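# after the sequence you'll find the predicted model.
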Amino acid sequence: MSNRLFKSGRFHAGKTLATFSLAALPLAVHAQSVNVPSEPDSAGALNPMVVTAALAPRTADETLSSVTVLDEATLRRQDPTDLTDLLRGQPGVDVSSNGTFGKVSGVYIRGTKNNQSLLMIDGIRLRSAATGGAAWQFLDPRMFESAEIVRGPKGSLYGADAVGGVVQLFTPQGEGRPTPSLSLGGGSFNTQRASASLSGSSGGTSYHVAASRFDTDGYEIVKGESDKGYDNTSALVRLAHTFSSGVELGLLGLRARGNTEFDQFGPADTDYVQQVAGIYGEIPISSGWSSRLTLSEARDEQENHNDFGGSVFETQTRTTRWENTWDIGNHQLIAGAEYQDDSVDGSDVGYDVESRYNRAVFTQALLDFSPFTAQASLRFDDNQAYSDEATGGLALGYDLDDHHTLRASYATAFRAPSFDELYYPGTFQNPDLKAETSDNIELGVRAQLAHGFWDLALYQNNIDDLITNVDTSGNGFVDTPKNVSRARIRGAELSAGVDIDDWTLRAALTYTDPENRELDKRLIRRSTQSLRFDADRALGDWSLGGTLIAQNHRYDDEANQDRMAGATTLKLRAGYAFSPGWSARLTVEDALDREYKTVKGYEAAGRAAYLSVSFGAQ
């Protein structure tokens with residue numbers, strides 16, 4: 001191992017990791033020493049079921065992956081105004097934003113950039129085919145029931161772009177008697193929030209319909225400029241019916257639209273639409289064989305207005321996915337095929353190519369030879385625009401005892417060049433780009449205890465043919481994308497949790513070394529050290545909690561000259577169930593009122609308070 005690992009910055013991170021390990025150990029030992037069996041809800045929260053990591057339901061300790069699940073209780077307790085608030089500081093996850101409230105945001109999983117990780121909603125990929133990344137900022141957290149964060153390459157399961165990992169959001173399915181809910185609230189910056197839903201099931205049919213509205217005047221994201229507002233109107237419908245034969249049919253529709261204001265060489269704003277729609281059918285062909293066919297479409301539409309005129313970008317991804325699962329004793333075999341068609345339309349741009357297809361076949365074996373387990377996967381992608389790619393993964397697990405599982409894995413992935421990189425007119429395009437490729441090795445161990453857990457992971461991800469922009473016109477601006485760089489990302493993640501008595505505690509410590517090997521510099525807008533601590537306590541009809549996030553500095557340029565200071569932020573929350581079915585919730589964002597930024601020139605909102613009153617399941 002290189003001596004460079006022991007330079008001061010990395011050595012301090014190692015000491016921090018060790019300190020956190022020692023601090024978390026008494027909690028974990030205490031959780032294990034309690035002999036009272038955990039309640040079902042507690043057990044589910046500590047060792048939740050995960051489907052994203054292996055295309056099949058597995059508990060967190062069985063996935064052989066580094067996973068974090070944010071369940072319904074977590075989402076309702078924290079009640080964030082922005083989806084990235086949930087993700088920031090989670091194990092291996094960093095976030096940058098051009099301000100709060102619907103401003104351009106990037107999610108970095110294990111040091112990879114925003115377009116090197118996938119965002120999925122109920123199995124449907126959502127991203128801009130033009131830029132390759134997801135518009136996280138335009139999704140209302142109240143539309144979702146839970147989220148799974150899977151860290152590490154998953155190209156052999158999901159194809160292009162799953163270099164850093166996958167975030168999957170799940171919408172409510174509905175069960176039991178009809179259950180209405182309603183929530184109204186508001187707060188700082190003249191912010192107003194409202195949401196309503198109805199869910200339930202009857203006679204084999206489940207349903208969930210919901211709508212939400214968010215509106216804020218915003219604040220000065222650039223000092224000295226005017227306030228920049230944001231609004232979002234979202235609607236969701238999900239239906240499913242299971243026949244007596246076991247056949248299940250279902251549909252999903254989610255649409256968010258609104259406007260966000262920002263600064264881009266002067267006042268500017270964007271009208272946006274984010275939409276996913278899908279239908280599926282699942283057939284139990286035999287007692288050990290089920291087959292599922294899904295047809296889906298995702299849209300990202302943005303109409304931009306500024307002092308120079310405007311532009312319209314509309315991207316669409318249509319996917320047909322056929323997946324088969326065979327149960328063979330204690331083992332499972334999954335195999336299928338996928339056809340995806342991307343299209344992009346830029347009214348003022350005129351892309352040289354406006355559509356492309358991708359055909360793929362994939363297979364995965366989930367093998368259980370307790371105490372040994374293994375997962376092996378392979379996928380082949382045939383893309384119209386760039387070279388064919390084959391990706392694979394192999395993960396091995398060993399149960400050291402009833403509580404501890406050791407895992408090791410190797411996986412490859414790739415990122416497909418976006419339409420902007422391949423076809424944007426002028427010097428901004430390079431149709432000869434190759435896909436970025438990566439190989440990743442990881443070692444980890446997870447302890448699943450009576451009332452707690454801890455998980456430690458070490459990894460290294462090597463990325464070749466990294467796409468960066470270079471100045472080819474001599475005008476001083478980076479413009480042409482090239483396969484010129486290599487990156488090596490090393491890291492360590494330690495997470496722990498305890499559910500004991502009326503306390504719910506979660507902690508995550510992340511150390512990331514995202515290095516551009518060509519320049520020997522840190523990749524931009526990533527912090528290297530991050531600590532997140534969530535604590536909540538139930539007190540009868542009351543609940544109290546808070547989230548502390550501490551991160552070190554980051555850079556806004558490849559030369560690492562524009563340094564942005566780190567920051568520690570504190571979010572406080574309180575809830576009160578004042579009548580059957582009724583509750584009130586108060587949250588105070590950035591209670592310490594820290595001034596910080598994650599993108600040069602764009603300030604975070606600072607201290608803000610929000611109050612809401614809810615009826616029903618909210």
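Noted; the coordinates are in hand.
# so which elements touch the helix or strand encompassing Arg407?
Per DSSP states H and E, Arg407 falls inside strand 404-415. When contacts are defined as 3 or more Cβ pairs under 8 Å, 6 or more residues apart in numbering; DSSP states H and E, strand 404-415 packs onto helix 155-158, strand 389-399, strand 436-448. All C-beta atoms are positioned from the backbone trio N, CA, C, and that covers glycine.
# on contacts alone, who are the packing partners of the second one?
Judged by 3+ Cβ pairs under 8 Å, 6+ apart, the packing partners of strand 389-399 are helix 155-158, strand 372-383, strand 404-415.
# so what's Gln561 up against?
Tyr555 (Cβ atoms under 8 Å, 6 or more residues apart in numbering).
# same question for the one 10 residues further on.
With Cβ under 8 Å, 6+ apart as the criterion, the residues that contact Lys571 are Gln78, Asp85, Gly546, Thr547, Thr587, Val588, Glu589, Asp590, Ala591.
# helix, strand, or coil at it?
For Lys571, the assignment made with DSSP: H, G, I helix; E, B strand; the rest coil gives strand.
# give me the beta-bridge partners of it?
Thr547 (DSSP bridges).
# hang on, the earlier thing: would TSV of the contacts of Lys571 with secondary structure be doable?
Output for the contacts of Lys571, formatted as TSV (three-state DSSP):
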residue	secondary structure
Gln78	helix
Asp85	helix
Gly546	strand
Thr547	strand
Thr587	strand
Val588	strand
Glu589	strand
Asp590	coil
Ala591	coil
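# tell me, what residue is most central in this protein?
Val167 (3.2 Å; Cα atoms, centre = their mean).
# in this structure it contacts Leu119, no?
Yes: contact criterion Cβ atoms under 8 Å: Val167 and Leu119 qualify, at 5.4 Å.
# can you check which residues contact both of these two?
Val107.
# circling back to that earlier point, so which of the helices and strands packed on strand 404-415 is the most packed in?
Most buried of these, by mean neighbour count (mean count of other Cβ atoms under 10 Å): helix 155-158, with a mean of 25.
# show me the contact partners of whichever helix or strand comes after that one.
Using DSSP H and E, the helix or strand that follows helix 155-158 in sequence is strand 165-170. Here strand 165-170 makes contact (Cβ under 8 Å, 6+ apart) with 51-52, 87, 92, 107, 109-110, 112, 117-123, 139, 144-154, 158.
# rerun at 7 Å
With Cβ atoms under 7 Å, 6 or more residues apart in numbering as the test, strand 165-170 has contacts from 52, 109-110, 117-122, 144-152, 154, 158.
# which members of these occur in strands, if any?
Ile109, Ser117, Leu118, Leu119, Met120, Ile121, Ser146, Ala147, Glu148, Ile149, Val150, Arg151 (DSSP state E).
# quick one: Asp556 and Lys600 touch, right?
Yes: taking contacts as Cβ atoms under 7 Å, Asp556 lies within contact range of Lys600: 3.9 Å.
# now do the shared contacts for those two.
Asp562, Met564.
# please give the element, helix or strand, for Ala277.
Here Ala277, judged by DSSP H and E, is contained in strand 267-286.
# just want the angle from that strand to strand 117-121.
Relative orientation of strand 267-286 versus strand 117-121 (axes from the mean of the first three to the mean of the last three Cα atoms, to 10 degrees): 70 degrees.
# what strands line up against strand 267-286, and which way round?
By DSSP bridges, strand 267-286 pairs with strand 248-263 (antiparallel), strand 289-306 (antiparallel).
# show me where pLDDT drops low in the protein?
The chain contains residues with pLDDT under 70 at 1-44, 347-348, 427, 470-479, 617-618.
# would you map the helices across it?
For the chain, the helices defined by DSSP state H cover 8-33, 40-46, 72-78, 83-87, 155-158, 419-423.
# could you list the residues in contact with the last one?
It refers to helix 419-423. Helix 419-423 is contacted from outside by 129-131, 344, 351-353, 385, 429-431, 433, 467, 481, using Cβ under 7 Å, 6+ apart.
# and those, which are buried?
By neighbour count, with 16 or more other Cβ atoms under 10 Å, the contacts of helix 419-423 hold Ala129, Ala130, Thr131, Val344, Tyr351, Ala385, Gln429, Asn430, Leu433, Ile467, Pro481 as buried.
# and which of those residues is nearest to Gly246?
For these, the closest approach to Gly246 (Cβ to Cβ) belongs to Ala129, at 36.6 Å.
# and the closest one, its phi and psi?
Reported as degrees, to the nearest 10, the phi and psi values for Ala129 are phi -70, psi -20.
# distance check, it against Arg356.
Counting by Cβ to Cβ, to the nearest Å, the gap from Ala129 to Arg356 is 9 Å.
# and Gly540, by the same measure?
Going from Gly540 to Arg356 by Cβ to Cβ gives 58 Å.
# swap in Pro371?
46 Å.
# just Pro481 next, same as before
17 Å.
# rewinding a little: what is the nearest of the contacts of helix 419-423 to Glu225?
Using Cβ to Cβ, the contacts of helix 419-423 come closest to Glu225 at Thr131, 24.6 Å.
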